[in-house]
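> how would this look folded up:
(chains A, B and C)
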Amino acid sequence: MAADSLTFIFLNAAVINNFVLALFLGICPFLGVSAKKQTAWNMGLATTFVMLVSSTCAFGINWLLTWLDIQFLRLICYIAVIASAVQLVEMVMKKFSPALFRALGIYLPLITTNCAILGLALFQTFREYNFLQSLAFSLGAGVGFTLALMLMAGLREKLELAEVPSVSQGAALSLMLAGLLSLAFMGFAGLGGSHA
Amino acid sequence: MSSEAQVQQAPVTPSFAMLRTLGSIATLSGLLVVLVYHFTLPIIAENQRIAIEKAIFQVVPGAVSRKDFIAVGDRLLPADSEGAQGERIYAAYAADGRLRGVALQAAAQGYQDVIKVLYGYGPECQCIIGMKVLKMAETPGLGDKIASDPGFLRNFEALDAQVDAGGAGLAHPIVTVKHGAKTEPWQIDAISGATVSSKAIGRMLNASAQHLIPLIQRDLALLQHSN
Amino acid sequence: MPTLPNQEEKVTLDTFLRGLWEENPVFVMLLGMCPVLAVTNSVRNALAMGLATTFVLLASGTLVSLLRKLIPKQVRIAAYIVIIATFVTIVDYTIQAISLDLYNALGAFIQLIVVNCIILGRAEAYASKQRLGATLVNGLGMGIGFTFALLCLGAVRELLGNGTLLGLQVFSDQFQPWVVMILPPGGFFVLGAWLLLFAWLRQRRERRLLEQQGASVHGR
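Numbers count the residues shown, from 1 in each chain, chains lettered A, B, ... in the order given. Here you go, the predicted model:
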């Protein structure tokens, strides 16, 4: 696999350099909405969707800014575009798919301050991905985020039944779990480089 | 939350006031950013120049000045020529203005993420004379030895990179071999315990050298003098 | 618990100290976790990140506090985000000008200060309602509290993962570094361990308090 092939970019973002477990992007929702599998799944879906939309927007904005030679406004434009994209997605979803809106609605505002979204836009710019590569990257990031969230939710649901010392309840235990997951995901490293 | 007066007052805020406020904030922030950008731009450019020259003079020992060229298709052009877009290469010269070597960039997927290196090619010995890792995220203590392990770096003091008879590629492709199995001058002796990272270096050097070194060898006259 | 004062607050020592301990943004409020975990693999990176965040916190707080009467409620979040993004861009260029190595080590995480919830949270919950003086004092407290938390993580991770502190060798060559500590899992483990420690301290204090009360009741 070449480093710039679409499959590899997808796999890289999804498991090798998982956004949550290796790059620490989107930790807040990862710890906040991973108590139930159902909510975790919805949050993952909503985030993936917003990632695709904002990655496309960011690609266009970056092209425009480069063309006008005002890259120093990139960050301000990105954050403004992401905030508006989330609003737009919310409105469109409310109009055309009320069922989906009911399922994802409350998560959408949370996503604006999710650093995974801005991180995605910034990384795709730094790595100079073209349009298709950006799409593969954002899809991979979304899948990776959902995967991490679901794994965590599954573990935490089981852990509800276990007895733990009262000191370690809550965030401390979640972080230790996340550490173990992160350790497990390190095993995916080398997936793309093991051939010679 | 906030007092009721504000809640009641909220709907009557005219939209032009909102636009005015947002407009002035945007103008103010634009002004600030542009100011800082213009102030820091020369310093950043200088920092970048120092960083890249330090790397170039490290992979081409004995060099003190540089000139940039760009490989467009199968031609080399001076970097300042019109519309040149392509791989940038750095010709590095000794104090007397003679060409010491050429610094080239290469990249490939390593164990964790993409590894980027700068390596020096010496036309006199037709070999690679130095290598420096610019960017990597390899495992500390294992893969990251590719940047520091003295035994591994000794591979790149004289790594054979002769152009083949047809002038289209290398006579012997650069390959990484298992630790302690190096027998030929074009082989790289891997670090034991960091085979994937070592192989990535071999792969990227081979890919880059197969393409660029024949060009450099052919257009050596163009690169020969520093001015 | 985080307080959300509605009245303008008098500047006291507590305004400053709150951010350090009681309302420590990282250890108590669990905000801004991404940079806390991502850039704390060495003390140097942690310090740079803490200072950059403190600067943005103070600068954006100043502007928000000064403009608090002029910004209409409906567009306040948009205005805050633009203000914050401006200062982050400034920090981004300044760090590039100071040291490219540092800039490369921190990577995209400097620009990601924009979405650090601490800063927007302070702008919304504090700076938009308080005078400049109080905002600055509170922001400085929060910034130092955040930096302190980053250093707590950075020091442990660098010491165990690399055997050094601020790049200086601490342990002898015999020490086998726990490489995992400077890798991503180490970030989760060390932060988890700190939270455990703080939870334990809090529980112990509460239990002592309870025992004291019990003792005084028995005493009568």
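
> low pLDDT regions in chain B?
Scanning chain B with the threshold set as pLDDT under 70 gives B:1-13, B:83-84, B:225-227.

> for it, longest helix please?
helix B:15-59 (DSSP state H).

> what helices or strands is it leaning on?
Here helix B:15-59 touches strand B:65-72, strand B:87-93, strand B:99-109, strand B:114-122, strand B:127-135, helix C:76-98, helix C:100-106, going by 3 or more C-beta pairs under 8 Å, 6 or more residues apart in numbering or on different chains; DSSP states H and E. To be clear about C-beta, it is placed using only N, CA and C from the backbone, and glycine gets the same treatment.

> what helices or strands is the worst-scoring helix or strand of chain A on mean pLDDT leaning on?
Ranking every helix and strand in chain A by mean pLDDT, DSSP states H and E puts helix A:108-112 at the bottom, with a mean of 73. If you count contacts as 3+ C-beta pairs under 8 Å, 6+ apart, helix A:108-112 packs onto helix A:27-32, helix A:37-68, helix A:74-96.

> return the most buried member of these.
The highest average neighbour count among the helices and strands packed on helix A:108-112, using mean count of other C-beta atoms under 10 Å in any protein chain shown, belongs to helix A:27-32 at a mean of 22.

> is that one positioned near chain C?
Yes - on the criterion C-beta under 8 Å from any C-beta of the partner chain, helix A:27-32 is in touch with chain C at A:I27, A:C28, A:L31.

> and A:I61, what pLDDT?
pLDDT, A:I61: 92.

> which non-adjacent residue is nearest it?
Closest residue to A:I61 apart from its sequence neighbours, by C-beta to C-beta, 6 or more residues apart in numbering or on different chains: A:C77 at 5.2 Å.

> these two touch, right, the one you found and A:L68?
No - A:C77 lies out of contact with A:L68 (C-beta atoms under 8 Å); the separation is 10.8 Å.

> host element of the spatially most central residue of chain C?
Compute the mean C-alpha point of chain C, and by C-alpha atoms, centre = their mean the closest residue is C:F146, 1.8 Å away. Here C:F146 sits within helix C:132-162, counting by DSSP states H and E.

> what does B:I213 give?
Taking DSSP H and E as the criterion, B:I213 maps to helix B:195-218.

> is that helix anywhere near chain C?
No - Helix B:195-218 does not reach chain C (C-beta under 8 Å from any C-beta); its nearest approach is 14.4 Å.

> now do that helix against strand B:87-93, angle only.
Helix B:195-218 runs at 70 degrees relative to strand B:87-93, counting by axes from the mean of the first three to the mean of the last three C-alpha atoms, to 10 degrees.

> residues of helix B:195-218 that come out buried?
Within helix B:195-218, the residues scored as buried using 16 or more other C-beta atoms under 10 Å in any protein chain shown are B:195-216.

> ok, stretch B:48-60 next?
B:I52, B:E53, B:A55, B:I56, B:F57, B:V59, B:V60.

> shouldn't B:D149 be in contact with B:I191?
Yes - contact criterion C-beta under 8 Å: B:D149 and B:I191 qualify, at 5.5 Å.

> which residues touch A:S34?
A:A40, A:L149, A:M152, A:A153, A:R156, A:S174 (C-beta atoms under 8 Å, 6 or more residues apart in numbering or on different chains).

> just the buried ones among those residues, please.
A:A40, A:L149, A:M152, A:A153, A:R156, A:S174.

> for these, give me a markdown table that also has pLDDT, secondary structure and distance to C:A155.
Output for these, formatted as a markdown table (pLDDT from 0 to 100; DSSP: H, G, I helix; E, B strand; the rest coil; distance: C-beta to C-beta, whole Å):
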| residue | pLDDT | secondary structure | distance to C:A155 |
| --- | --- | --- | --- |
| A:A40 | 87 | helix | 33 |
| A:L149 | 92 | helix | 31 |
| A:M152 | 93 | helix | 28 |
| A:A153 | 93 | helix | 33 |
| A:R156 | 90 | helix | 30 |
| A:S174 | 89 | helix | 23 |
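
> those also near chain C: which ones?
Okay, of these touching chain C (C-beta under 8 Å from any C-beta), that's A:S174.

> return the closest of the buried ones among the contacts of A:S34 with respect to A:A13.
Nearest to A:A13 out of these is A:L149 (C-beta to C-beta; 15.0 Å).

> nearest residue to the middle of chain B?
In chain B, the residue lying closest to the centroid (C-alpha atoms, centre = their mean) is B:Q105, at 4.5 Å.

> residue contacts, that one?
B:E87, B:R88, B:I89, B:K116, B:V117, B:L118, B:L134, B:S208.

> roughly how far apart are it and B:K135?
Noted for B:Q105: a distance of 10 Å to B:K135, by C-beta to C-beta, to the nearest Å.

> name the residues contacting each of the two.
Common contacts of B:Q105 and B:K135, defined by C-beta under 8 Å, 6+ apart, comprise B:K116.

> which stretches of chain C form helices?
For chain C, the helices defined by DSSP H cover C:13-20, C:33-38, C:43-66, C:76-98, C:100-106, C:117-122, C:132-162, C:184-219.

> just checking, A:A58 touches A:Y78?
Yes - with contacts counted by C-beta under 8 Å, A:A58 reaches A:Y78, the gap being 5.7 Å.

> who touches both of those two?
Both A:A58 and A:Y78 are contacted by A:A121, under the criterion C-beta under 8 Å, 6+ apart.

> picking up where we left off before, winner for burial among the helices of chain C?
Taking mean count of other C-beta under 10 Å, helix C:33-38 is the most buried of the helices of chain C, at a mean of 26.

> can it be found next to chain B?
No - judged by C-beta under 8 Å from any C-beta, helix C:33-38 and chain B are separated, with a smallest distance of 12.3 Å.

> could I get the helices and strands packed on helix A:108-112 as TSV with distance to C:K129?
Output for these, formatted as TSV (distance: least, C-beta to C-beta, whole Å):
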stretch	distance to C:K129
helix A:27-32	24
helix A:37-68	31
helix A:74-96	22
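
> so who does B:R100 touch?
B:R100 sits next to B:V60, B:P61, B:G62, B:A63, B:A92, B:Y93, B:A94, B:G122 when contact means C-beta under 8 Å, 6+ apart.

> re earlier: which of the buried ones among the contacts of A:S34 sits closest to chain C?
Nearest to chain C out of those is A:S174 (C-beta to the nearest C-beta; 7.9 Å).

> wait, the closest one touches A:L149, no?
No - A:S174 lies out of contact with A:L149 (C-beta under 8 Å); the separation is 11.9 Å.

> quick one: contacts for the residue of chain B found nearest chain C?
Proximity of chain B to chain C (C-beta to the nearest C-beta) peaks at B:S29, 3.6 Å away. For B:S29, the contacting residues are A:I76, C:V82, C:I83, C:A85, C:T86, by C-beta under 8 Å, 6+ apart.

> and B:V102, by the same measure?
B:V60, B:I89, B:Y90, B:A91, B:A92, B:G120, B:Y121, B:P123, B:I216, B:L223.

> quick check: bridge partners of the fifth one?
Read it as B:A92. B:R66, B:G101 (DSSP bridges).

> quick one: it from chain A, how far?
Noted for B:A92: a distance of 26 Å to chain A, by C-beta to the nearest C-beta, to the nearest Å.

> any idea how far that residue is from C:I90?
36 Å.

> again, but for the third one
Here the criterion is C-beta to C-beta. By it, B:Y90 lies 32 Å from C:I90.

> kindly report the same for C:I98.
In terms of C-beta to C-beta, C:I98 sits 12 Å off from C:I90.

> tell me, how many residues neighbour residue 133?
No chain in the question, so chain A it is. A count of nearby residues for A:Q133, using other C-beta atoms under 10 Å in any protein chain shown, gives 19.

> right idea, wrong chain: chain B
20.

> just give the closest residue to it, not the sequence neighbours.
B:A147 is the one closest to B:V133 (C-beta to C-beta, 6+ apart), at 4.0 Å.

> residues in contact with the one you found?
Listed by C-beta under 8 Å, 6+ apart, the contact set of B:A147 reads B:K132, B:V133, B:M136.
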